[in-house]
Each structure stands twice: as structure tokens, then as C-alpha cells.
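Visitor: Coordinates for the following, if possible.
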Amino acid sequence: MSILAIAAVLCADYLHIIDLPGAGWGVALAAGLLITGLFVVFAALVRRTSGGLLGLGIPLLVLTLVFSGSAFGTEDRQAVRSEPGGNDYSAVFSRSTIDLTYLDSISTPTTVEVDSVFSRLDLKLPPNVPVKVTSDGVFNSQMGLELPQDQRQLDEDAPLLTIEVDGLFSSVSTEVATTATPTVINPEF
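Guide: Here you go, the predicted model:
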């Protein structure tokens, strides 16, 4: 029943019967969670066990929170900084461009940490800083890694920018900026 409720809400959104924000997943998963919750309550009222309903309800709850209970699941999905001015980013269920050109004038070795889950990350790198990209996680891929030191001779004493990508089912690609002017982080859906 829950799966049918999710499918019905997504179908109504797709056919423009109702117009839901974003891709409609948050509302659809919440509808499935509501149906599952009602069945759990009904099972308790007739003094029966909930069976596999809790096994369905817990993943639905987590997915509902991811898609609608945080900034990760709205139309504004993008890589999010953990704190203003920090060098830590998170991307969940998105395709994001992280502009790191603001690090073009580092004077000491700097590390940027990126946590990525089911995402595609495009990293925009500063042109005058040597960069090392490391990846740790499950089913990650690095595609088209374009690094500044591959394009031009950089100063041997220049501080290294290390980008540590920790992810799950994610891909990372890089592009060296032609100018050192930072741009806005732009998500694509």
C-alpha cells in the first residue's frame, strides 16, 4: 500500500494533476510513511504484530527526512559548507559545482574535505596552486581530473591544496579556472 501511495503521488506530480515543489519525492515519501504508520497503528489496535512494517517504515522515515526535512532535499540542493568560511563541504543526492578558486592565494598547505553521497561533484580549481585529489569511500569515481600542475609549470615551493573526497556512489571531476574570480555554487537537477 505504501509503495502504491508513493507511486500515486509521483504520478500525479508527473502528470501535473498536482504541482509539488522540487521533484515531489519529499511529499511522496511522506505519503508512504503516513500509510505505513496508519497500518502499524491499525495492527496494534487489532492486537497483531506490525510484521515487516517497521522494516519499511524506518527507511521511509530516513528518506523522507533526507528529501524534505533538510536543505538537501529542496530545490536549493547544492554542496553545503559545514560552517561559513570553512573548508568542509557536503553534497547529498545532487549534482554540484564547488568553486575553490577563492583558495588561489593560500600561503600554507590547505585541506578541503568533501563528503558526498549519491552525488556528482564538479570541482573548480584555482589556476596557480598545485592540487592533489584523494578519494575514499565506496563506489566512487574520478572522471577527467584536470589539475593546475598538469597545465603549467608552478612554483616548486607553492603550498599544496589537498582535496579529500569521502563518498558513497559519487563521481568527481575537476576543471581549472581560467580566471581566479570565484563564482556561485550552482546545483543542477
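Visitor: what about Glu113, which SS state?
Guide: strand (DSSP: H, G, I helix; E, B strand; the rest coil).
Visitor: Would you check that it makes contact with Gly167?
Guide: No - using C-beta atoms under 8 Å, Glu113 makes no contact with Gly167, being 11.0 Å away. For glycine as for every other residue, the C-beta is placed from the backbone atoms N, C-alpha and C.
Visitor: higher neighbour count, these two?
Guide: With other C-beta atoms under 10 Å as the criterion, Glu113 and Gly167 differ in neighbour count, and Gly167 comes out ahead with 23 against 15.
Visitor: what are the bridge partners for the more buried one, then?
Guide: Under DSSP bridges, the beta-bridge partners of Gly167 are Ser116, Gly137.
Visitor: got the contact list for it?
Guide: Applying C-beta atoms under 8 Å, 6 or more residues apart in numbering to Gly167 gives the contacts 114-117, 119, 135-138, 140.
Visitor: Also Pro159?
Guide: By C-beta under 8 Å, 6+ apart, the residues touching Pro159 are 106-110, 129.
Visitor: quick one: it is in a strand?
Guide: No - looking at Pro159 with three-state DSSP, it is coil, so not inside a strand.
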